[in-house]
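A.B. asks: predicted model, plus sequence, below.
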Amino acid sequence: MVSAHLQQHTYTWQWQNHTLNIATETLGSGPSVLLLPAFSTVSTRAELTTLAQALASHFQVTLLDWPGFGDSDRPAVPYQPEFYRQFLRAFVQDTLPQEVAVVAAGHAAGYALSLQSWSRMVLIAPTWRGPLAVMGVPVAMRRGIRQLVSAPVIGSALYGLNTRPGFLKWMYRRHVFVDETQLAPEFMAQRYQNTQQLGARYAPAAFVTGGLDPVDERQEFLASLAQQTEPVMVIVAEQAPPGSKAEMEAMVKLPNIQAAYVPGSLGMAEEFGDVIAPMILPFLQGSTTPI
């Protein structure tokens with residue numbers, strides 16, 4: 001089993017006057033591939049385990065939990081796009097070889113695009129707008145919600161309401177997974193525990209309210225994607241919410257973008273990792289033949 005060779009590590013990142021411990025793991029051997037999980041209230045590198053294990057027979061795969069999510073430190077800092085751009089740049093420079101491909105899910109796509117150092121890029125169900133922005137909630141209201149969730153006492157209460165197991169399961173059914181049978185009690189209990197760590201509410205509050213959106217407009221995202229000189233593959237989620245799917249389809253209309261459509265919604269990197277892996281493997285190995 002590939003998973004038997006998994007090695008867990010801690011990457012220490014110094015940001016301003018904060019020292020953050022970042023949870024990472026590697027498995028497999030060969031050319032280097034970095035897997036970046038999507039941002040969400042329940043974001044964790046565990047979402048990419050199936051995909052990582054499938055790729056590890058051909059590559060050395062590195063996974064991480066973003067600062068503020070998963071098993072990484074979650075300090076009460078002003079989470080914003082530049083914070084994550086600086087982190088990703090430092091992590092790649094400090095821990096990975098010069099030749100490295102990236103597989104980025106969801107919102108991680110925008111941060112992967114901010115680096116020009118990849119050999120190849122795979123963007124799985126890429127997004128650039130947080131949930132409340134997609135819903136059309138005004139900017140001022142979103143900022144107010146973020147301030148409330150970050151505040152003492154009331155913030156913890158509001159966060160608690162939005163991370164109850166029942167609410168998390170509703171969220172998964174609505175726009176994350178398409179197969180409800182995968183939402184077993186043990187699975188949901190693991191996701192709930194992920195939301196209850198010390199400082200857990202700060203980064204998710206930033207994401208949900210649009211504070212981690214890497215750009216402000218679609219054209220900015222498309223321009224960044226069009227400027228990439230390395231090969232790029234975009235995996236479109238066929239059952240994604242209409243607004244998110246429209247963004248993905250705008251991306252694949254750009255020239256020189258290799259595209260594939262896979263059943264699934266915004267959590268397709270986790271739910272259909274075993275389907276996605278053989279689709280992206282030839283691309284990561286150097287093939288540019290359209291699927």
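C.D. replies: On my side now, so go ahead. Keep in mind that this is a model prediction, so the values were computed, not measured.
A.B. asks: wait, a strand at Val234?
C.D. replies: Yes - counting by DSSP: H, G, I helix; E, B strand; the rest coil, Val234 is found in a strand.
A.B. asks: so where does Thr19 fall, helix or strand?
C.D. replies: Per DSSP states H and E: Thr19 is located in strand 18-27.
A.B. asks: quick one, helices of the protein?
C.D. replies: 49-55, 81-95, 108-112, 131-134, 139-150, 154-161, 165-171, 185-194, 202-208, 218-226, 242-252, 268-271, 273-284 (DSSP state H).
A.B. asks: tell me what the third one is packed against?
C.D. replies: In terms of contacts (3 or more CB pairs under 8 Å, 6 or more residues apart in numbering; DSSP states H and E), helix 108-112 is packed against strand 32-36, helix 81-95, strand 100-105, strand 118-124. (Each C-beta comes from the backbone N, C-alpha and C, glycine too.)
A.B. asks: contacts for the second one?
C.D. replies: Outside of helix 81-95, the residues that reach it under the criterion CB atoms under 8 Å, 6 or more residues apart in numbering are 11, 13, 15, 22, 24, 34, 36, 62, 64, 66-67, 77, 100, 110-112, 114-115, 117, 212-214.
A.B. asks: circling back: tabulate the helices of the chain (TSV), appending mean neighbour count, distance to Ser29 and mean pLDDT.
C.D. replies: Output for the helices of the chain, formatted as TSV (neighbours: other CB atoms under 10 Å; distance: least, CB to CB, whole Å; pLDDT from 0 to 100):
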stretch	mean neighbour count	distance to Ser29	mean pLDDT
helix 49-55	22	11	96
helix 81-95	17	16	97
helix 108-112	25	23	97
helix 131-134	19	38	90
helix 139-150	15	42	92
helix 154-161	14	41	91
helix 165-171	15	36	93
helix 185-194	14	28	94
helix 202-208	24	32	96
helix 218-226	16	31	95
helix 242-252	17	32	95
helix 268-271	25	22	97
helix 273-284	18	15	96
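A.B. asks: now tabulate those in a markdown table and tack on distance to Gly30.
C.D. replies: Converted to a markdown table, those look like this (distance: least, CB to CB, whole Å):
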| stretch | distance to Gly30 |
| --- | --- |
| helix 49-55 | 9 |
| helix 81-95 | 17 |
| helix 108-112 | 20 |
| helix 131-134 | 36 |
| helix 139-150 | 42 |
| helix 154-161 | 41 |
| helix 165-171 | 36 |
| helix 185-194 | 30 |
| helix 202-208 | 32 |
| helix 218-226 | 27 |
| helix 242-252 | 28 |
| helix 268-271 | 21 |
| helix 273-284 | 10 |
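A.B. asks: which one of those helices lies closest to Ala260?
C.D. replies: In terms of CB to CB, the element of those nearest to Ala260 is helix 273-284, at 5.4 Å.
A.B. asks: could you say what helices and strands that closest one packs with?
C.D. replies: In this structure, helix 273-284 makes packing contacts with helix 49-55, strand 100-105, strand 118-124, strand 232-237, strand 257-262, judged by 3+ CB pairs under 8 Å, 6+ apart.
A.B. asks: sheet partners, orientation included, of the last one?
C.D. replies: To tie it back to what came earlier, the one meant is strand 257-262. For strand 257-262, the paired strands and their directions (DSSP bridges) are strand 232-237 (parallel).
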